[in-house]
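Asks: can you look at this prediction? I've put the sequence above it.
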2 protein chains.
Amino acid sequence: MPDDSALHTDHVDEVIALLVTTNARMSQHFAARAAEFDLSPAEGKVLLALEPGRSLPMRAIARKLGYDPSNFTGVADKLEDRDLVSRHPDPDDRRVKAIVANEHGLELIEQLSKRLRAGGGPLSSLSHDQLRGLRTLLDQANTGP
Amino acid sequence: MPDDSALHTDHVDEVIALLVTTNARMSQHFAARAAEFDLSPAEGKVLLALEPGRSLPMRAIARKLGYDPSNFTGVADKLEDRDLVSRHPDPDDRRVKAIVANEHGLELIEQLSKRLRAGGGPLSSLSHDQLRGLRTLLDQANTGP
DNA sequence: TATTGTTATACTCTATAACTATA
DNA sequence: TATAGTTATAGAGTATAACAATA
């Protein structure tokens, strides 16, 4: 449980500011790499959320990425029009539709990931161990309440 | 210097995905807290970039936050209309204008920071030491090339 | 009645290009 | 000529509300 010292608040302030600028840099990097594949940032993020084998309900993806379900329909449409993903109605509840990446989609995901890893983003200056540490911290930040 | 092992690429992929979702959560938290003070997310971010005593050229702020200078003018206008900041032309180069927070602005920055710290964001589940570690890592990520 | 996804629409955000004033 | 900031404007992104299908 987080404590409440003056040092603590200093760190929170600083981390919030750093997250804002880190996100600005990552957004630029991400948008440029996605554009290489004629993908909007939103389309790229949705694809990355579809790890191989994973299929998620539309609402779950929208929630995870912070998009409104209404505008998420159009993103799914474009990805489907490009034959990268398809909608699969859930047999148990036919209201919900899962988005699954097909072979073309998975291939493009791999290519996009490779370009994102290639450098130029804010992660370029971190070592293997630092990335491992960052992964652990962000993972805990995301699984919290 | 980052190495190039298979484990390394796994971590990069995972950290990128985590940064995307962390940012989604932080953006929602940030937008909600800023709205409490009738601030747009952009206006809030600009204010947080103006730590006490610090004054930055408009272009430097825009670059840091990833905004285009053209749309940044309007953000500065609104903050100035609300009497939170003012433009100070640089005596050495009268083309550049520094944004400085006045007394009202600094007070609002403190209140906004307090609300952001109050919890509900993705940082709530991290301990003091973890925040310190995250700060170090993000700091290095941002000062890199 | 409540929920998932969809549609239509309005609103906000962001980028492009042309302009000014300084250098 | 080049750069910081501004303006006008078009385009992309986002949210709101009403609707259909399913639960």
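Replies: Looks like it came in fine. Numbering: from 1, shown residues only, chains lettered A, B, ... in the order given.
Asks: show me where chain A has its strands.
Replies: A:56-57, A:85-89, A:97-101 (DSSP state E).
Asks: which stretches of chain A form helices?
Replies: A:6-35, A:41-49, A:58-65, A:69-81, A:103-117, A:128-143 (DSSP state H).
Asks: out of these, nearest to residue B:77?
Replies: For residue B:77, the closest of the helices of chain A is helix A:6-35, at 21.0 Å, according to C-beta to C-beta. To be clear about C-beta, it is placed using only N, CA and C from the backbone, and glycine gets the same treatment.
Asks: what packs against that closest one?
Replies: The contact analysis (3 or more C-beta pairs under 8 Å, 6 or more residues apart in numbering or on different chains; DSSP states H and E) places helix A:6-35 against helix A:41-49, helix A:103-117, helix B:6-35, helix B:41-48, helix B:58-65, helix B:103-117, helix B:128-143.
Asks: deepest of the strands of chain A, which one?
Replies: For the strands of chain A, the largest average neighbour count (mean count of other C-beta atoms under 10 Å in any protein chain shown) is found in strand A:97-101, namely a mean of 20.
Asks: average pLDDT for that strand?
Replies: Mean per-residue pLDDT for strand A:97-101: 97.
Asks: which strands or helices does it pack on?
Replies: So strand A:97-101, by 3+ C-beta pairs under 8 Å, 6+ apart, packs with strand A:56-57, helix A:58-65, strand A:85-89.
Asks: reformat the ones you listed as a markdown table; add distance to residue A:141 and mean pLDDT.
Replies: Formatted as a markdown table, those follow (distance: least, C-beta to C-beta, whole Å; pLDDT from 0 to 100):
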| stretch | distance to residue A:141 | mean pLDDT |
| --- | --- | --- |
| strand A:56-57 | 20 | 93 |
| helix A:58-65 | 14 | 96 |
| strand A:85-89 | 28 | 96 |
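Asks: what's the closest of those to residue A:18?
Replies: With C-beta to C-beta as the yardstick, what comes closest out of the helices and strands packed on strand A:97-101 is helix A:58-65 (21.4 Å).
Asks: which residues are contacting the closest one?
Replies: Residues from elsewhere that reach helix A:58-65 (C-beta atoms under 8 Å, 6 or more residues apart in numbering or on different chains): A:42, A:45-46, A:49-50, A:56, A:67-69, A:72-73, A:76, A:87, A:96-99, B:20-21, B:24.
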